[in-house]
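Chemist: Pasting the sequence and the predicted model now:
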Amino acid sequence: MTTMTTGSDTLTRDALAVLQPGFVGTTAPDWLLRRIGEGLASVGLFGRNIVSAPQVAALTAQLRAERDDLLVAIDEEGGDVTRIEVRTGSSFPGNLALGAVDDLDLTREVARELGRRLAECGVNLNWAPSADVNSNPDNPIIGVRAFGADTGLVARHTAAYIEGLQASGVAACTKHFPGHGDTNVDSHHAMPRIDVDLDTLHARELVPFRAAIAAGSKSVMSAHILLPALDPARPATLSPRILTGLLREELGYDGLIVSDAVEMQAIAGTVGIERGSVLAIAAGADALCVGGGLCDEGTVLRLRDALVTAVREGELAEERLADAAARVRALAAWAQRVRGDVTAPGAAVQEGTAPGTGIATDIGLVAARRAAKVTASPSWSPLAQAPYVATFTPVMNIAVSSETPWSIGAELDGLLPGTESGTYGTDATAADVLAAAGARRIVAVVRDEHRHPWMAAALDALLAARPDTVVVEMGVPRATPRGALHIATHGAARVCGRAAAEVIAGV
């Protein structure tokens with residue numbers, strides 16, 4: 001057993017400081033406020049905590065009444081992954097749409113505006129952007145969350161996004177180090193494995209992270225992925241070779257290293273969350289994201305106690321835990337310093353306005369319109385009457401909330417009143433759609449058609465029966481464009497649906 005060099009209270013406070021837990025409720029529970037008073041330095045917000053922007057501002061003000069320099073984190077990528085607009089869909093397109101436009105000023109401005117809205121709500125750490133190079137088109141978890149499959153494009157847009165976000169006073173958390181793009185397994189469910197050599201890793205996966213470091217990303221999130229070329233035994237989150245050897249020493253990164261959620265099955269289903277938390281801190285992580293699924297006081301106490309016990313039993317160096325806690329507090333101090341430039345938490349917030357101005361901004365819709373790629377047949381003309389929207393819905397990955405609506409039915413109904421919609425799953429047939437549509441023109445909405453043979457088959461049959469069908473692809477557009485009109489939106493954010501609806505209605 002090691003000799004303790006600090007009091008147990010300091011050790012306990014350090015153990016709490018490295019946790020980034022979630023919680024249940026739209027106001028802070030008593031247990032959370034109590035633990036903040038005892039040293040908890042960060043909390044994470046999820047869709048379950050959010051009703052409106054003013055409510056989030058009130059919630060963060062309540063939290064900061066306990067600790068003024070608290071880090072309040074959120075997973076707000078825009079596009080498919082939104083928490084602030086979890087029930088309506090995002091006002092900002094995601095990374096793939098921004099990459100498709102390839103305008104660095106636009107990416108920077110979208111990130112800055114998203115950051116302004118977060119800062120106005122009292123959020124000061126965003127678990128974004130994704131710097132993954134989506135090199136595997138069958139990737140079930142990254143897809144439209146990446147800027148694209150081209151390494152250089154991903155690198156330059158990652159840097160621009162970080163610059164815009166942090167200009168608003170919100171710390172970026174670039175993810176998922178060392179790169180989650182070349183996987184066909186979702187680490188929420190199992191352990192992905194990437195079998196590439198070191199030359200490929202340095203030439204592809206690591207390039208955007210080097211750009212992120214150069215851009216000053218305040219934090220980096222590790223991935224629960226196994227890269228045998230670097231460490232054949234431990235996933236990146238638990239690997240000293242990857243977090244300390246590669247990220248800290250070789251790449252020279254000195255900011256905060258955050259783990260991806262420790263309750264994901266790649267960790268919870270292998271070593272367990274307590275052991276995984278200890279190994280992650282020992283490997284070089286400074287903060288542990290937990291609470292997407294586990295969000296109770298018992299989980300926080302289990303992880304706190306696991307870290308304290310590991311130090312007392314000599315498994316985790318006390319200095320390593322103290323260093324991790326110090327990095328968390330350093331980021332919190334930075335966020336506190338820059339917070340004076342934005343509206344104070346608790347101030348009036350109006351949805352859809354630029355914080356502090358009261359002036360409506362539609363930079364997200366502007367970006368979505370520019371990202372839409374339209375392929376029209378010579379005979380195409382905009383619809384004048386309400387159509388039938390058939391949405392072919394795959395099983396969504398866990399990063400995308402099941403509460404978040406997508407497709408274009410609601411947006412199209414706003415432009416062509418009377419539009420009707422139906423949702424179709426893996427057992428869908430063209431006959432089902434044709435029966436529901438009747439004489440109406442059909443708008444078929446698909447998502448990653450290239451990854452779902454059932455979807456492609458249903459669309460083939462539908463187009464054979466009704467060649468005048470409009471097709472809207474809201475995922476990664478790898479399938480050949482077809483239909484009387486084909487629109488690739490490069491994402492399924494609400495504004496992407498609006499942009500597609502405008503093309504269809506000729507607005």
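Modeler: Right, received. Where do you want to start? Numbers count the residues shown, from 1 in each chain.

Chemist: residues in contact with the closest residue to residue 240 other than its chain neighbours?
Modeler: Nearest residue to residue 240, sequence neighbours excluded (CB to CB, 6 or more residues apart in numbering): residue 283, at 4.6 Å. C-beta here means a position set from N, CA and C on the backbone, and glycine is covered the same way. The contact partners of residue 283, taken as CB atoms under 8 Å, 6 or more residues apart in numbering, are 234, 237-240, 242-244.

Chemist: Go through the residues you listed and flag which are in helices.
Modeler: residue 240 (DSSP state H).

Chemist: Export the contacts of residue 283 to a markdown table and append columns for neighbour count.
Modeler: Shown next, in a markdown table, are those (neighbours: other CB atoms under 10 Å):
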| residue | neighbour count |
| --- | --- |
| 234 | 20 |
| 237 | 33 |
| 238 | 30 |
| 239 | 26 |
| 240 | 15 |
| 242 | 25 |
| 243 | 29 |
| 244 | 17 |
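
Chemist: of all the contacts of residue 283, which comes closest to residue 412?
Modeler: For the contacts of residue 283, the residue nearest residue 412 by CB to CB is residue 237; the value is 42.4 Å.

Chemist: what about the nearest residue to residue 22 once chain neighbours are set aside, distance to residue 196?
Modeler: Of all residues beyond its chain neighbours, the one nearest residue 22 is residue 291 (2.3 Å), with distances taken as CB to CB, 6+ apart. According to CB to CB, to the nearest Å, residue 291 and residue 196 sit 32 Å apart.

Chemist: So which of the two has more stuff around it?
Modeler: residue 291 (26 against 18; other CB atoms under 10 Å).

Chemist: Pretty sure residue 23 is one of the things that one touches, is it not?
Modeler: Yes. Assessed by CB atoms under 8 Å, residue 291 is found in contact with residue 23 at 6.8 Å.

Chemist: how about the strands in the chain?
Modeler: 19-21, 42-45, 71-74, 125-126, 171-177, 219-222, 256-259, 287-290, 373-376, 388-392, 420-424, 442-446, 470-473, 485-488 (DSSP state E).

Chemist: Can I get stretch 9-25 in PDB? Just the C-alpha atoms.
Modeler: The C-alpha coordinates for stretch 9-25 follow below in PDB (Å, rounded to 0.1, in the frame of the first residue of the first chain):
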ATOM      1  CA  ASP A   9     -10.800  14.600   2.000                       C
ATOM      2  CA  THR A  10      -8.400  15.800  -0.800                       C
ATOM      3  CA  LEU A  11      -8.400  12.300  -2.200                       C
ATOM      4  CA  THR A  12     -12.200  12.000  -2.200                       C
ATOM      5  CA  ARG A  13     -12.500  15.500  -3.800                       C
ATOM      6  CA  ASP A  14     -10.100  14.500  -6.500                       C
ATOM      7  CA  ALA A  15     -12.000  11.300  -7.200                       C
ATOM      8  CA  LEU A  16     -15.200  13.300  -7.500                       C
ATOM      9  CA  ALA A  17     -13.500  16.000  -9.700                       C
ATOM     10  CA  VAL A  18     -12.700  13.500 -12.500                       C
ATOM     11  CA  LEU A  19     -16.300  12.300 -12.900                       C
ATOM     12  CA  GLN A  20     -18.700  13.900 -15.400                       C
ATOM     13  CA  PRO A  21     -22.100  12.300 -14.400                       C
ATOM     14  CA  GLY A  22     -25.600  12.700 -15.700                       C
ATOM     15  CA  PHE A  23     -28.700  12.800 -13.700                       C
ATOM     16  CA  VAL A  24     -32.500  12.600 -14.000                       C
ATOM     17  CA  GLY A  25     -34.800  15.600 -14.000                       C
END
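
Chemist: Give me the residue ranges of the stretch 301-450 of the chain where confidence is low.
Modeler: Of all residues in the stretch 301-450 of the chain, those with pLDDT under 70 make up the ranges 340-360, 396-401.

Chemist: middle-most residue in this protein, spatially?
Modeler: residue 77 (4.2 Å; CA atoms, centre = their mean).

Chemist: Against residue 337, how distant is the residue nearest to residue 499 when sequence neighbours are not counted?
Modeler: In this structure, residue 499 finds its nearest non-sequential neighbour in residue 368, 4.2 Å apart by CB to CB, 6+ apart. Distance, residue 368 to residue 337, using CB to CB: 34 Å.

Chemist: Compare these two and say which one has the larger neighbour count.
Modeler: Applying other CB under 10 Å to residue 368 and residue 337 shows that residue 368 carries more neighbours, namely 32 against 11.

Chemist: ok, so what distance separates that one from residue 96?
Modeler: Where residue 96 is concerned, residue 368 sits at a distance of 11 Å (CB to CB).

Chemist: Now do the shared contacts for the two.
Modeler: residue 491.

Chemist: What residues sit buried inside stretch 496-507?
Modeler: Using 16 or more other CB atoms under 10 Å as the test for burial, stretch 496-507 gives 496-505.

Chemist: residues of the worst-scoring helix or strand of the chain on mean pLDDT that come out buried?
Modeler: The weakest-scoring helix or strand in the chain, judged by mean pLDDT, DSSP states H and E, is helix 265-268 (a mean of 78). For helix 265-268, the neighbour count (16+ other CB under 10 Å) marks 266-268 as buried.
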